[in-house]
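Trainee: 3D, please:
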Amino acid sequence: MSYPSLKITFLGTGTSSGVPMIACDCPVCQSPDKKDKRLRSSILVQSANTTLAVDAGPDFRYQMLRANVKHLDAIVFTHPHKDHVAGLDDVRAFNFFSQQPMKVFANEMTQEVIIREFPYAFYETRYPGLPEIQLTTIDLTPFMVGDILVTPVQVWHLKMPVMGFRFGKFTYITDANNIEPAEKDKIRGSEVLVLNTLRKEKHISHYSLSEGIAVAQELAIPQTYFTHLSHQMGKHADVETELPEGINLGWDGLVLNL
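Mentor: Presented below is the predicted three-dimensional model:
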């Protein structure tokens, strides 16, 4: 199967508290290395004709400014946790310049939270300046955003189902600690995998570093990047020396052309 060329930008690679974490004096949070500065996890996916974001967390406004995003066709959501949905109000700027509602793709569970968190966006009586959002319900059926085919991959965040997504040769998985065999089959054949690994120690609902490495090696992905990293993982430069070939930590601002 042929896929359109895609540009992937890592908008954020940090966990829910970000790195540095507020009030923390640990060596990672105090590191001067730019790769140890991590906004909440999100990516930008761009073809020649379409631009979409995966998730819109608390740092969404700054991420759009930092990446110089002038037009956004859609936001595709993985799940309803605050660090993935809290910035949705800032689509108002895109509404203003495009004079179009923002297309939002999310499962029913995530939509319920979006409507509860941003009820004013769905009032029947409108007034100027409200965010305009067009909700589309997704399940495990592949769908199109412009000319980009999106294939959902269901993963488990402890007991919460979370949507990962495959875009051609690239697969993005965040907030997971278990992937069932049938869903792993959707990932196989990817050239690049992005996978959450919170820290080196085992966690109740995120992959640890060793668990993430095991998943990448099991699926035989040529290049894997880890995301959703906490300050507990350690400094970027130090952890990089411990990783097998073809596996690296992601960092904010990393750009892939596939």
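Trainee: from here on, contacts and neighbour counts on C-alpha atoms
Mentor: OK.
Trainee: Can you point out the buried residues in stretch 197-207?
Mentor: For stretch 197-207, a neighbour-count test (16 or more other Cα atoms under 10 Å) marks 197-200, 205-207 as buried.
Trainee: Out of those residues, which two sit at the greatest distance?
Mentor: K200 and S205 (13.3 Å; Cα to Cα).
Trainee: Tell me where the stretch 51-200 of the chain has helices.
Mentor: 60-66, 82-85, 92-98, 108-117, 181-187 (DSSP state H, counting those that start in this stretch).
Trainee: quick one: the third one to chain centroid distance?
Mentor: This means helix 92-98. 22 Å (Cα atoms, centre = their mean, to the nearest Å).
Trainee: Next, work out how far apart F96 and R66 are.
Mentor: Taking Cα to Cα, to the nearest Å as the measure, F96 and R66 are separated by 19 Å.
Trainee: Correction: the previous question concerned T78.
Mentor: 22 Å.
Trainee: Could you count how many residues lie near G212?
Mentor: Counted by other Cα atoms under 10 Å, the residues lying close to G212 total 24.
Trainee: can you tell me the helix or strand for it?
Mentor: Assigned by DSSP states H and E, G212 belongs to helix 209-219.
Trainee: Run through the neighbouring helices and strands of the lengthiest strand in the chain.
Mentor: Identified as the longest strand of the chain according to DSSP state E is strand 148-157. With contacts taken as 3 or more Cα pairs under 8 Å, 6 or more residues apart in numbering; DSSP states H and E, strand 148-157 sits against strand 143-145, strand 160-167, helix 181-187.
Trainee: Point out the most buried one among these.
Mentor: strand 160-167 (a mean of 22; mean count of other Cα atoms under 10 Å).
Trainee: Count the residues that sit near the closest residue to L130 other than its chain neighbours.
Mentor: Leaving out its chain neighbours, the residue that sits closest to L130 by Cα to Cα, 6 or more residues apart in numbering is A121, at 5.9 Å. As a burial measure, A121 scores 21 neighbours (other Cα under 10 Å).
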